[in-house]
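Asker: Structure for the following, please:
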Amino acid sequence: MSDQTSPPGSITTIYTLVRGEDWRAAEAVGEYRGSADDMRDGFLHFSTAAQVRASAARHRAGELDLFLVEVDVAALGDALRWEPAASGSRPGLFPHLYGPLPLGAVRGATQLRLNPDGTHAFPIWIA
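Answerer: Okay, the predicted model is just below:
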């Protein structure tokens, strides 16, 4: 599997979707260590602004108490790699963080509400 350490194009911000209980635990210890899926895969899953809506629909559909966490790419260093989706089912490269997410790299966390159709209501600044 090929990977790269530099973000494609001019991407400076990436996103992860974190369950409320996990986010509150991260705030208490100063870093986010990942979900059960992250631990299974050996890295934290992130998306670009163009990918995050599809990721939410695919992996977090209908979940309440979910946070959209906005992260500064430059603050993650060499622990961040850009790789294809493990299943190969989605085109493009996805950001994967090999290590915990330090909260100092977080630009913001927005709690997402659900639309009546069960999809998440994203802030207008997400593509």
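Asker: residue closest to the middle of this structure?
Answerer: Geometric centre of the chain, nearest residue: Thr16, 1.7 Å, by Cα atoms, centre = their mean.
Asker: Contacts made by the helix or strand hosting that one with the rest, please.
Answerer: Taking DSSP states H and E as the definition, one finds Thr16 inside strand 13-19. By Cβ atoms under 8 Å, 6 or more residues apart in numbering, the residues outside strand 13-19 that reach it are 7, 26, 32, 35, 44-49, 52, 55-56, 59-60, 63, 65-73, 80, 95, 101, 107, 109, 112, 126. All C-beta atoms are positioned from the backbone trio N, CA, C, and that covers glycine.
Asker: buried ones in stretch 19-26?
Answerer: Buried residues in stretch 19-26, counted by 16 or more other Cβ atoms under 10 Å: 19, 22-23, 26.
Asker: And the helices in this protein?
Answerer: For the chain, helices defined by DSSP state H occupy the ranges 20-29, 36-41, 52-59.
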